[in-house]
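Colleague: any chance you can model this:
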Amino acid sequence: MSSMPKMYRELVPWYRLLTPPEEYVEEAACYRDAFRAAMPSSASLLELGAGAGHNAFHLARDFRCTLTDLSPEMLALSRELNPACDHVVGDMRTLRLDQRFDAVLVHDAIMSLTSEAELAAAVRTAFEHLVPGGVALFAPDATTETFVEGTEHYSGRDGSRALECLEWCWDPDPGDSTYVVDYAFLLRDGVDVTAVHDRHVEGLFPLDTWFRILREQGFEVDRVRRPIGDGDRSGDTDEIFRGRRPMR
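Modeller: Predicted coordinates for the structure are as follows:
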């Protein structure tokens, strides 16, 4: 996380063309239901790595949300979408707020953590910010067992601006705990087109490591299914981790 990708810095003005908030409706509903199934009275939510606030846009209808992210530019985008939510610039590995919450969500920002020590630090942050009986959801894009190399294409339009993006996920060294996501952007503003390459190095851990770290940090753990994809991939699901802070 020492070198933040361009997507979360200079490319932030293009972010909603890459991934619009309306694509998060089904996924956010899954998170809401997973929280409420484990803690029906949950009302306050902390999101670590909230980014542009696209999940929070839907979850804020059911929770009082505090949104944190390492990128001030992404949080500024979230403030436009979620003016009623609290926003805090902070690192999920070290953040400590003088506040506890019923629920903590860590969405795909968890993929930025590339070592077991970093992952354990973020899990501890989530645990420390929960009330007894509170629930955390950790939603990685993939584990070692589910990772598949491949490409995906994105398109976005907004008046005179347009975006075309190719995402390429690949693993240069299957023996370590990371993989690479290369993004090739073509960005059109009026008649001007710019090409940008953005590389993300992301963490990849086996299920046993996830369960061990979550339990070592104090959580009671299970897994819940969530919907993934849109369009012709609608109906696909994967599993994410749900941790409950014990009442004692």
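
Colleague: which parts of this structure are helices?
Modeller: 15-18, 25-38, 54-59, 72-81, 116-128, 207-216 (DSSP state H).

Colleague: which one of these lies nearest to residue 190?
Modeller: Set against residue 190 and scored by Cβ to Cβ, these come closest in helix 15-18, at 14.6 Å. (C-beta placed from N, C-alpha, C; glycine too.)

Colleague: circling back to that earlier point, of the helices of the chain, which is nearest residue 103?
Modeller: helix 25-38 (4.6 Å).

Colleague: how far off centre is that closest one?
Modeller: Remark: helix 25-38 is offset 14 Å from the chain centroid, using Cα atoms, centre = their mean, to the nearest Å.

Colleague: got the CA coordinates for that helix in PDB?
Modeller: Provided in PDB are the C-alpha atoms of helix 25-38 (Å, rounded to 0.1, in the frame of the first residue of the first chain):
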ATOM      1  CA  VAL A  25     -27.500  -2.600  -5.400                       C
ATOM      2  CA  GLU A  26     -27.600  -6.400  -5.100                       C
ATOM      3  CA  GLU A  27     -24.200  -6.700  -3.400                       C
ATOM      4  CA  ALA A  28     -25.000  -4.000  -0.800                       C
ATOM      5  CA  ALA A  29     -28.300  -5.800   0.000                       C
ATOM      6  CA  CYS A  30     -26.300  -9.000   0.600                       C
ATOM      7  CA  TYR A  31     -24.100  -7.200   3.100                       C
ATOM      8  CA  ARG A  32     -27.100  -5.700   4.900                       C
ATOM      9  CA  ASP A  33     -28.800  -9.000   5.200                       C
ATOM     10  CA  ALA A  34     -25.600 -10.700   6.400                       C
ATOM     11  CA  PHE A  35     -25.200  -8.100   9.100                       C
ATOM     12  CA  ARG A  36     -28.800  -8.300  10.200                       C
ATOM     13  CA  ALA A  37     -28.900 -12.100  10.200                       C
ATOM     14  CA  ALA A  38     -26.100 -12.200  12.700                       C
END
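
Colleague: list the helices and strands that helix packs on?
Modeller: helix 54-59, strand 101-106, strand 130-138, strand 220-228, strand 236-244 (3 or more Cβ pairs under 8 Å, 6 or more residues apart in numbering; DSSP states H and E).

Colleague: how about 7 Å then?
Modeller: helix 54-59, strand 130-138, strand 220-228, strand 236-244 (3 or more Cβ pairs under 7 Å, 6 or more residues apart in numbering; DSSP states H and E).

Colleague: what does the second one rub up against?
Modeller: I take that to be strand 130-138. The list of residues contacting strand 130-138 from outside it, by Cβ atoms under 7 Å, 6 or more residues apart in numbering, reads 31, 34-35, 38-39, 42, 100-106, 110, 126, 219, 240-247.
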